[in-house]
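> quick one, fold the following:
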Amino acid sequence: MRIFAGACALICGMLTASGAGAAVRIHIDLTTQTMHVNGNGGQYDWPVSTARSGYATPRGHYRPTHLQRMHYSRKYHMSPMPHSIFFNGGYAIHGTYSTSQLGRPASHGCIRLAPGNAARLYSMVQMEGGSISISGAPPRRSVYANAHRRKHMTTYARLRRDGVLAYAPMRRGPIAATARQIINPVFRSPFFGEGYQ
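Next comes the predicted model:
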């Protein structure tokens, strides 16, 4: 009887170990904003977007809690979250239509993927199960703050940066009037009529 019980325990242990090894391993690196996936469906490296400044993506090891083919976030204005793999409360790995933001922090904490990659990952996890590990530190904020600052630079700052104001005659002419209007928006120009407030 002991031999039978021992054989059953050995077989059950082998089945459990092989089942655990078959799960899709998903690793998210916050520093490089990439996801590495390893499973029976193949190995992949994809760009992701994690939490932007003011939000956080949790670090650690997780198991998927539930999957939802299409989820709409009630917390964030019914934003679509296709192929959602939830792993820690409201946190999920999901597809995004803002693919231009992949590779840099942009989310409220979820991990965003390109829609096709999210669909592939969703089907892999649905078939094999999965384990999720998240490590690293988000890239320094200054890199993205500088890009944001350049994007929203004022017209006056752009003109100064490009050297336009250095060569503009400041006493007369349409360029001077434009420069004076940028420097002092209430300035009344004979070329442009009333200044704006």
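> use CA for all of it now, contacts and neighbours both
OK.
> low-confidence ranges in the chain?
Applying pLDDT under 70 to the chain flags residues 1-22, 141-197.
> do a quick rundown of the strands in it.
Taking DSSP state E to define them, one finds strands in the chain at 24-29, 34-39, 42-47, 60-62, 66-73, 79-88, 91-95, 111-113, 130-135.
> buried deepest among the ones you listed, which one?
Comparing these by mean neighbour count (mean count of other Cα atoms under 10 Å), strand 111-113 comes out on top with a mean of 30.
> can you list the residues that contact that strand?
Under the contact criterion Cα atoms under 8 Å, 6 or more residues apart in numbering, strand 111-113 has outside partners 46-51, 57, 91-96, 99, 102.
> just put the strands of the chain in CSV and tack on distance to residue 120.
As requested, these are exported to CSV (distance: least, Cα to Cα, whole Å):
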stretch, distance to residue 120
strand 24-29, 12
strand 34-39, 11
strand 42-47, 10
strand 60-62, 19
strand 66-73, 12
strand 79-88, 9
strand 91-95, 10
strand 111-113, 10
strand 130-135, 13
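> residue 119 is nearest to which of those?
Ranking the strands of the chain by distance to residue 119, with Cα to Cα as the measure, places strand 79-88 first at 5.7 Å.
> the closest one pairs with which strands, parallel or anti?
Sheet pairing for strand 79-88, assigned by DSSP bridges, gives strand 66-73 (antiparallel), strand 91-95 (antiparallel).
> contact partners of the first one?
The one in question is strand 66-73. 78, 79, 80, 81, 82, 83, 84, 85, 86, 87, 122, 126.
> before I go, just wanted to say thanks for your time.
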